[in-house]
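**Student:** coordinates only, sequence not included:
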């Protein structure tokens, strides 16, 4: 993921599991949004840590689009 001073990386969402985060990341990528998944391995290896959410990061320029896409996606 690339960013400049004007286009920083921001947290889009947090998930309890790596699987949930990967599903959301895959959907966003398929819609043309560049996304990074953070804490994927540590959430699996160290699940007992309180704030060990798997986080999705996007460029600030893509935040609004990505947020809309996540809200529009069907929940299971």
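**Tutor:** The structure has been received and is ready for your questions. Bear in mind the structure is a predicted one, so any value in this text is a computation, not a measurement.

**Student:** CA atoms for contacts and neighbours, from now on please.
**Tutor:** Will do.

**Student:** OK, contacts around the most centrally placed residue in the chain?
**Tutor:** Most central in the chain under CA atoms, centre = their mean is residue 56, positioned 1.6 Å from the mean C-alpha point. By CA atoms under 8 Å, 6 or more residues apart in numbering, the residues touching residue 56 are 11, 12, 13, 14, 21, 25, 35, 36, 37, 38.

**Student:** one more time with 6 Å, if that's ok
**Tutor:** With contacts defined as CA atoms under 6 Å, 6 or more residues apart in numbering, residue 56 is in contact with 11, 12, 13, 36, 37.

**Student:** doesn't it fall inside a strand?
**Tutor:** Yes. Under DSSP: H, G, I helix; E, B strand; the rest coil, residue 56 sits within a strand.

**Student:** quickly list what it is bridged to.
**Tutor:** Judged by DSSP bridges, the bridge partners of residue 56 are residue 13, residue 37.

**Student:** what residue ranges in the chain score low on pLDDT?
**Tutor:** For the chain, the stretches flagged by pLDDT under 70 are 1-6, 40-51, 74-76.

**Student:** helices along that one, start to end?
**Tutor:** Taking DSSP state H, the helices of the chain run over residues 18-30, 40-45, 63-72.
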